[in-house]
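Chemist: Below are the sequence and a predicted model for it; my questions follow.
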Amino acid sequence: MILKHFPLVVCAIAAVTMTGTAGAQFTAAVVPPRTKAQVDTIAKQDSVRRATVALAARVTDMKKWVDSASGVSIPAADTVLAKTTGDSARAPLLRDSVVLARNARISADSAASIATVEVHDSAGLKGPDSAAAAPPTSSRVARADTNRVARADTRKFASGAPAPATASMLPLLAIAGVTTLLAGAALRRP
Amino acid sequence: MKRALGTALVAVGAALLLYVGYRYASGAYERDAARAAWAALEAHNAVAGASLAAAPTHTIYSAGSLVGRLLIPSVQLDEVIAEGVGDDELDAGPGHLPGSASPGEPGNAVISAHRDRHFHSLGRVVLGDTVITETRTARTTWVITGRKIVGRYQPSLFPSTQPELTLTTCWPIRYVGPAPDRLILTAKPVAAPPRA
């Protein structure tokens, strides 16, 4: 009689004795995965920044290629200024300087528009050059360091490190073993 | 076929239970060995007459060596602390986090243990409870001043210039599988008389 209802008896005992354990599986303090969100945000910002910098480089290269294909050279802005403030009596040079100044203005305008797009798209990051060349701000460094520390198991004390990984698989393995054993025993029954 | 599958499941289940039993048994053995070694060390210190005045300001322990003893009278916790928080150290008992201060010395001393073994009663410790640590050079009485539950990746260990004790374990205590949170208890010293 008892053997016939053995699985039922085991289930009943388990239900009575493991109520607390089962309740513990549904943690009252569900901590939102803030660290993961930060990682995602940083990764997204980085990918946006890389994409916009790459876009800016591509657009600049395209403009250089178009200008070179049309036979117009674009000197630096200070060169243009030096030439335009030079001898105004030299008409050919003045004509050239007007053309060059116009090209320089176009170049500066396109650079500014690229920078504007960069600021808009990267959500608070600086322009493409500054974003690429300047070191990250201290808060970003701190966040990145924290995330790096957080992902690794804490085996040595460090400021802001998460608590050491004391999670144990043994209770889970024990329950899995008991369950498997009971299931096997049930299957072996004639 | 059904019978063969049943036999296989029984074998797997038995193997899992044997492994778990072995891990718990070896942990208990290591714990007893650590207790015996600590008792011998205490006896040696008593004979040698070590005092706090002779203690260095920052003790560094080698991995696996005995750091001291941890007592929480309110939950009848009495464990010997080993250096390190690896699997081997945590099997034997609470582990002292390398790089953190030795209990009683200036700085934050971090002690961690498994929730299903040595710190299974840590969940019952409340604010105001007394904690006692004994090292080779100091016996310190602490009072629990902070208790919080944080995510497993949330920064929770911070340096301190004053003596401070941090006890950590996984949370929830009765969670099956890798627990998602950590229980962090912080304590401040109330007295640190030199050992005789």
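Modeler: On my side now, so go ahead.
Chemist: So, low pLDDT: which residues of chain B?
Modeler: B:47-57, B:191-196 (pLDDT under 70).
Chemist: For it, which helix extends over the most residues?
Modeler: In chain B, taking DSSP state H as the definition, the longest helix is helix B:2-48.
Chemist: So which residues of chain B form helices?
Modeler: B:2-48, B:87-92.
Chemist: In space, what's closest to residue 185 - neighbours in sequence excluded?
Modeler: Since no chain was named, I'll use chain A. residue B:10 (6.1 Å; Cβ to Cβ, 6 or more residues apart in numbering or on different chains). In short, each C-beta sits where N, CA and C put it, glycine included.
Chemist: Wait, chain B was what I had in mind.
Modeler: Residue nearest to residue B:185 in three dimensions, not counting chain neighbours: residue B:167, with 4.3 Å by Cβ to Cβ, 6+ apart.
Chemist: Hmm, the one you found is touching residue B:131, no?
Modeler: Yes - counting by Cβ atoms under 8 Å, residue B:131 is a contact partner of residue B:167 at 7.5 Å.
Chemist: what do the two both touch?
Modeler: Taking Cβ atoms under 8 Å, 6 or more residues apart in numbering or on different chains as the contact rule, residue B:167 and residue B:131 both touch B:125, B:187.
Chemist: about what we covered before: return the most buried member of the helices of chain B.
Modeler: helix B:87-92 (a mean of 21; mean count of other Cβ atoms under 10 Å in any protein chain shown).
Chemist: ok, residues contacting that one?
Modeler: Contacts for helix B:87-92 (Cβ under 8 Å, 6+ apart): A:166, B:23, B:26-27, B:30-31, B:33-34, B:63-64, B:82-83, B:95, B:112-114, B:117.
Chemist: please redo it, this time with the cut-off set to 10 Å
Modeler: A:164-166, A:168, A:170, B:23-24, B:26-35, B:63-67, B:79-84, B:95-96, B:98, B:112-114, B:117-119, B:169 (Cβ atoms under 10 Å, 6 or more residues apart in numbering or on different chains).
Chemist: what's the answer for stretch B:9-26, then?
Modeler: Contacts of stretch B:9-26 (Cβ under 10 Å, 6+ apart): A:168-188, B:87-88, B:91-92, B:116-117.
Chemist: Partner strands of the longest strand along chain B, with direction?
Modeler: Counting residues, the longest strand found in chain B (DSSP state E) is strand B:139-151. Applying DSSP bridges, strand B:139-151 is found paired with strand B:130-135 (antiparallel), strand B:181-191 (antiparallel).
Chemist: how about that strand: buried residues?
Modeler: Of the residues in strand B:139-151, B:139, B:140, B:141, B:142, B:144, B:147, B:149, B:150, B:151 count as buried by neighbour count, 16 or more other Cβ atoms under 10 Å in any protein chain shown.
Chemist: Point out where chain A drops to low pLDDT.
Modeler: A:1-4, A:6-7, A:16-152.
Chemist: at 80 instead, please
Modeler: A:1-153, A:167-168, A:190 (pLDDT under 80).
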